[in-house]
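need a 3D model of the following:
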Amino acid sequence: MKARPRILQTARALFLQHGLDVSLDTIAAEAGTTRPTLYSHFPGGKDALLLETFAFLNDAMQPPLQQLLQDSQQDLPALLRGFARVVQHHFYAPENIHFQRLLIQVLVQNRSCTSR
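Numbers count the residues shown, from 1 in each chain. Sure, this is the predicted structure:
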């Protein structure tokens, strides 16, 4: 596996296991690379890795949402209910509970972002 996907996969796993306290040095070591290599792929450091982690959630939701839109001959309220079901199923699925915890930790530690 190439460095970027390996770093991202490792970062996701470590964020989910340890939350925001995981260091970039730990991520680099676990991914079998160096901190400079990590920064060459993710110049924004930990913030960039977190954004990619949350983008992964969004990417996983896209196929069911696209299918909903393609299959939809429904009125707007029915389409919105379908959208809500997909989002609810995805975010509350047992395998995604750790992502919820991580998101809450990010929001709490970055209150200035949420108060704007």
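
could you use CA atoms for every contact and neighbour count after this?
Will do.

remind me, longest helix of the protein?
Looking across the chain with DSSP state H, the single longest helix is helix 45-71.

quick one, helices of this structure?
Under DSSP H, the chain gives helices at 3-18, 24-30, 35-41, 45-71, 76-91, 97-109, 111-114.

so, low pLDDT: which residues of the protein?
111-116 (pLDDT under 70).

residues in contact with residue 34?
25, 28 (CA atoms under 8 Å, 6 or more residues apart in numbering).

how about residue 38?
Counted by CA under 8 Å, 6+ apart, residue 38 has contacts 4, 7, 28, 45.

doesn't residue 8 make contact with the third one?
No. Using CA atoms under 8 Å, residue 28 is not in contact with residue 8; the gap is 10.0 Å.

tell me what the longest helix of the chain is packed against?
With contacts taken as 3 or more CA pairs under 8 Å, 6 or more residues apart in numbering; DSSP states H and E, helix 45-71 sits against helix 3-18, helix 76-91.

give me the neighbour count for residue 88.
By other CA atoms under 10 Å, 11 other residues sit near residue 88.

what about it, distance to residue 9?
24 Å (CA to CA, to the nearest Å).
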